[in-house]
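> Predicted model and sequence follow; I will ask about them next.
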Amino acid sequence: MHSIPTSSPSPGPHTTSTAAHRWLEIIVSGGSPRTFRLRGELDCVTAPTLREALAGCSRPTGEVVVVDLGEVTFLSAAAIGVLLEVHRRIAADGGRLVLSNPTRMQRRIFAILAADQVLVIEDAGVARPGGVDERSPA
């Protein structure tokens with residue numbers, strides 16, 4: 001694992017790289033699907049770092065991109081706006097953005113903002129397109 005600026009080319013298959021901000025670390029695992037594991041805070045300060053890290057996604061057409069939220073300690077509306085923006089761009093290119101491992105509080109925020117009606121949110125290995133896993137209450 002090594003640090004890279006978020007504007008660097010996407011990692012190749014089965015490689016891992018890290019982009020860091022003072023309050024956010026993004027660990028990118030290449031391959032299929034490409035996975036972005038986030039650690040730290042997602043707010044108005046770190047949202048641009050996330051946007052930049054996800055900028056190259058959806059190429060090739062039809063790519064599945066996973067954003068792992070399991071280690072995100074704070075989630076703001078600014079960050080959700082970035083996730084919705086990236087979702088729209090990837091979907092327009094025939095791909096799919098999947099948010100995985102959200103905490104109970106993150107799931108509640110997505111529900112309050114109705115973002116769970118648009119985003120694919122995966123919990124415990126079960127993806128619910130356009131919605132949250134129905135097995136556990138938000």
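That came through fine.
> From here on, just use CA atoms for contacts and neighbour counts.
OK.
> Val65 reaches Arg34, doesn't it?
Yes - counting by Cα atoms under 8 Å, Arg34 is a contact partner of Val65 at 5.2 Å.
> Now tell me which helix or strand of the protein has the poorest mean pLDDT.
Ranking every helix and strand in the chain by mean pLDDT, DSSP states H and E puts strand 126-128 at the bottom, with a mean of 48.
> so Arg51, which of the three states?
What DSSP: H, G, I helix; E, B strand; the rest coil gives for Arg51 is helix.
> Which residue, other than its chain neighbours, is closest to it?
Val82 (6.1 Å; Cα to Cα, 6 or more residues apart in numbering).
> Which pLDDT value goes with the spatially closest residue to Leu84 that is not a sequence neighbour?
Distance criterion Cα to Cα, 6+ apart; nearest residue to Leu84, sequence neighbours excluded, is Leu119 at 7.2 Å. Looking at Leu119, its pLDDT stands at 96.
> repeat for the one 5 residues further on
According to the predicted model, the pLDDT of Ala124 comes to 56.
> didn't Val82 look like it was pressed against Ala53?
No - counting by Cα under 8 Å, Val82 stays clear of Ala53, with 11.0 Å between them.
> Now the residue nearest to Leu84, what are its backbone angles?
The phi and psi values for Leu119, taken as degrees, to the nearest 10, are phi -80, psi 150.
> Look up how far Arg22 lies from it.
As judged by Cα to Cα, to the nearest Å, Leu119 and Arg22 stand 27 Å apart.
> Tell me which of these two has more neighbours.
Shown here are Leu119 and Arg22; by other Cα atoms under 10 Å, Leu119 has more neighbours (23 against 9).
> Sketch out the strands for this structure, chain order is fine.
Secondary structure of the chain, counting by DSSP state E: strands at 16-21, 24-29, 34-42, 64-75, 96-100, 120-123, 126-128.
> remind me, longest helix of this protein?
When the chain is parsed with DSSP state H, its longest helix is helix 77-92.
> residue nearest the centroid of the chain?
By Cα atoms, centre = their mean, the chain has its centre lying nearest to Val67, at 2.8 Å.
> give me every residue that touches that one.
Thr35, Phe36, Arg37, Leu38, Leu97, Val98, Leu99, Ser100 (Cα atoms under 8 Å, 6 or more residues apart in numbering).
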